[in-house]
Structures are given as structure tokens and as C-alpha cells.
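> Here's a sequence, model it:
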Amino acid sequence: MPAVSRIPAQRTSSTSRRRGRGRNSAPQVPLGSLTQREDRTAAVCQGCGSEHVTHLRMNLTDGTPVRFTSCHRCEHRTWENAEGVMSRDSVLDRTRKVVSHS
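Numbers count the residues shown, from 1 in each chain. Okay, here's the model as predicted:
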């Protein structure tokens, strides 16, 4: 089989215009880094107090905005919304897809 060279695709002006638009206009929050101490967020594990956590914001299937934290040391996980820590059952209920039988 002959060798195929890869040619990088050129960006078009429409591609760069699309990059700036998202689903919502909320301000971008830096993601942070586990490897760079200065980039770590202030999140800590509620189970063991470790700062070695993955911490991110997401929307559940029903649209509920949550902050998810997962500990790298003890594997404790939490989901928090505006009202506080959510139970695992509550998170699972909110992530079920509704199937309509029309």
C-alpha cells in the first residue's frame, strides 16, 4: 500500500467564527490542572480532604447545573447544585432519558 501523507486542513473564516459561539453565553471558567499547583481549583474531597480531585461543572440530562468532584485518593464522588450536595439517587433520577412512545 502506498504511503499517504497527511496535509493539515486549512482553517476557514467560517470555522473560526463558529468556534466563538457556544450553547450558552456564560463566562468561560478555566479548567485547571492536576499537574500544575497554581492551576488547581480550591476543590477538596469531602471524604478525605485531599486536594487531588477532578472538579468540573456540567448539566445533567434534565438541565440541572451541577459541580462534580471525584477524589483521586479515596474515589469519593459528589455532585452539588445550588441547594447543596445531591444524593446519588437524585443524580441518577435526573440523568434518565425520557423515552416517548408515540
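> check contacts around residue 50.
For residue 50, the contacting residues are 44, 71, 72, 73, 74, by C-beta atoms under 8 Å, 6 or more residues apart in numbering. (Glycine included, C-beta is placed from N, CA and C.)
> Look up how far residue 61 lies from it.
29 Å (C-beta to C-beta, to the nearest Å).
> returning to what we had before: between the contacts of residue 50, identify the one with the most neighbours.
For the contacts of residue 50, the largest neighbour count, defined by other C-beta atoms under 10 Å, is 22 neighbours, found at residue 71.
> Pull up the gap between it and residue 101, please.
From residue 71 across to residue 101, the span is 40 Å (C-beta to C-beta).
> Tell me where the protein has strands.
53-59, 65-71, 77-81, 84-86 (DSSP state E).
> Would you mind getting the angle between the second one and strand 77-81?
Taking axes from the mean of the first three to the mean of the last three C-alpha atoms, to 10 degrees, strand 65-71 and strand 77-81 form an angle of 160 degrees between their directions.
> what's the answer for the first one, then?
For strand 53-59 and strand 77-81, the angle between their directions (the same axes, to 10 degrees) works out to 40 degrees.
> could I get strand 53-59 in CSV with only the CA atoms?
The C-alpha trace of strand 53-59 is given here as CSV (Å, rounded to 0.1, in the frame of the first residue of the first chain):
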residue,chain,number,x,y,z
VAL,A,53,-9.5,15.8,42.8
THR,A,54,-11.2,16.2,39.4
HIS,A,55,-13.6,19.1,39.7
LEU,A,56,-15.9,20.2,36.8
ARG,A,57,-19.2,21.8,36.1
MET,A,58,-21.8,20.0,34.0
ASN,A,59,-25.5,19.9,33.2
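> Which strands or helices does it pack on?
Judged by 3 or more C-beta pairs under 8 Å, 6 or more residues apart in numbering; DSSP states H and E, strand 53-59 is in contact with strand 65-71.
> now the last one
Secondary-structure packing of strand 84-86 (3+ C-beta pairs under 8 Å, 6+ apart): strand 77-81.
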